[in-house]
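>>> Okay, sequence plus prediction incoming.
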Amino acid sequence: MTTINPGLAIEVSGLTKSFGDQPVLRGIDVVVPAGTVFSLLGPNGAGKTTMVRILTTLNRPDGGAVRVGGHDPVREADAVRALIGVTGQFAAVDEILTGAENLRLMGRLLHLGSRETGRRTARLLEQFELTEIAGKRAGDYSGGLRRRLDIAMSLMGQPSIVFLDEPTTGLDPRSRRELWRVIRGLVADGVTIFLTTQYLEEADQLADRIAVLDGGRIVAEGSAAELKRLVPGGHIRIEFADEDGLVAAARALPRAELDAEQLALQVPSDGSVDDIRRLLGHFDDHAVTIDQLSIHTPDLDDVFFALTGAPAKEAVR
């Protein structure tokens, strides 16, 4: 069963799922173009994990249409599994085995044959910069290295779609950024990434599109920039060298918020170039010298809080 749009890696329409009398997904519509990063955000209990489990053949939906790589995860589960890789929140490596042995074990589980298993193991060790420690026990790896090995194992079957469920949980900032580099490299090679994360900065850095899931519904979807524009609070702060400049500027912008102590004005703005140009145009007929101008836009934490009513730090599973 082939999708009508081969440019889409994942298609979800009207997806519903309940457990008993508790609805978890209430009509989800999502499309993920091939070769992009799609991030799903939402508070505890929003339905993120349930959705991932349906897409990866582990749960059956109650209603709606789902296609992963053009296949129905229920009727064509084997075909879907052949196309995907899955990495959970916690690294699934065998800590007794070496890095290379973990990869070779995965190759045997996939029935790749010894020659192909060896070829893919060598390639993945090099790709994830694990060659020098390939002979060391995975239990001696740092958290970041274990996570890189875990993702490498999920790629042993050469999937075209990879599901990453909170892949950087528990990692230090340096390891997290190293893993971001790996993820960007996968996308550059044409892999589609479906990402859930508890780090809103991570979605901001990696995702081409982001969906916010709350109460079993998609409450907003778009690029990070598009989502940020949904939330009020963006502004431009203009600082002046002296009180005369401040007074003249306040005269030109009577609706601006005045901070006399800091010799500054705060003006609501979306931070766009056109908005800045219009703002500065108000000063054309006034003798105003600007000392400093800074743009403040809402971040994904603001978006998350505004759309879900939950603190951003609760954006997990």
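The structure has been received and is ready for your questions. Numbers count the residues shown, from 1 in each chain.
>>> can you map out the strands along the chain?
Ranges of strands in the chain, per DSSP state E, are 8-19, 22-33, 37-41, 63-68, 84-87, 161-165, 192-196, 209-214, 217-222, 235-240, 257-259, 264-268, 290-296.
>>> E132 is nearest to which of those strands?
Nearest of those to E132, taken as Cβ to Cβ: strand 84-87 at 22.4 Å. From N, CA and C alone the C-beta is placed, and that goes for glycine too.
>>> Give me the mean pLDDT for that closest one.
For strand 84-87, mean pLDDT is 90.
>>> Not counting it itself, show me its contacts.
Residues from elsewhere that reach strand 84-87 (Cβ atoms under 8 Å, 6 or more residues apart in numbering): 56, 68-69, 150-151, 154-155, 157, 159-165, 167.
>>> Just flag the most distant two among these.
G69 and D150 (21.9 Å).
>>> Looks like R174 contacts G144 (just checking).
Yes - at 7.5 Å, R174 and G144 qualify as touching, with contact defined as Cβ atoms under 8 Å.
>>> These two: which is more packed in?
G144 (18 against 10; other Cβ atoms under 10 Å).
>>> In contact with the nearest residue to the more buried one once chain neighbours are set aside, which residues?
Spatial nearest neighbour of G144, chain neighbours left out: S175 (2.8 Å); criterion: Cβ to Cβ, 6 or more residues apart in numbering. S175 is in contact with 142-144, 147, 168, counting by Cβ under 8 Å, 6+ apart.
>>> Now intersect the residues you listed with the helices, please.
Mapping the contacts of S175 onto helices (DSSP state H) picks out 143-144, 147.
>>> which residues of this protein fall in helices?
According to DSSP H, the chain carries its helices in the segments 48-55, 77-83, 99-109, 114-127, 143-154, 173-188, 200-206, 224-228, 243-252, 273-281, 300-308.
>>> what's next to the first one, contact-wise?
Looking back up the chat, that one is helix 48-55. The contact list for helix 48-55 (Cβ under 8 Å, 6+ apart) reads 10, 12, 15, 17, 24-25, 28, 40-42, 59-61, 66, 68, 73, 163, 165, 194, 196, 213, 317.
>>> The lowest-mean-pLDDT helix or strand in the chain - contacts with which helices or strands?
Using mean pLDDT, DSSP states H and E, helix 300-308 stands out as the lowest-scoring helix or strand of the chain, at a mean of 77. The elements that helix 300-308 packs onto, with contact taken as 3 or more Cβ pairs under 8 Å, 6 or more residues apart in numbering; DSSP states H and E, are helix 200-206, strand 209-214, strand 217-222, helix 224-228.
>>> Can you tell me the strand partners of the second one and which way each runs?
Right, the one you point to is strand 209-214. strand 37-41 (parallel), strand 217-222 (antiparallel) (DSSP bridges).
>>> tell me the domain ranges of this structure?
8-228, 235-296 (automatic domain parsing).
>>> Now do the end-to-end distance for the first one.
The reference is to domain 8-228. 25 Å (Cα to Cα, to the nearest Å).
>>> Over to the shortest one?
Counting by Cα to Cα, you get 5 Å between the two ends of domain 235-296.
>>> Let's test this: mean pLDDT of that domain, rounded?
Average pLDDT, domain 235-296: 84.
>>> repeat for stretch 141-150
89.
>>> what's in contact with that stretch?
87, 91-93, 99, 102-103, 128-130, 133, 138, 167-168, 170-172, 174-176, 178-179, 182.
>>> Mind pulling up the pLDDT for D214?
At D214, pLDDT is 89.
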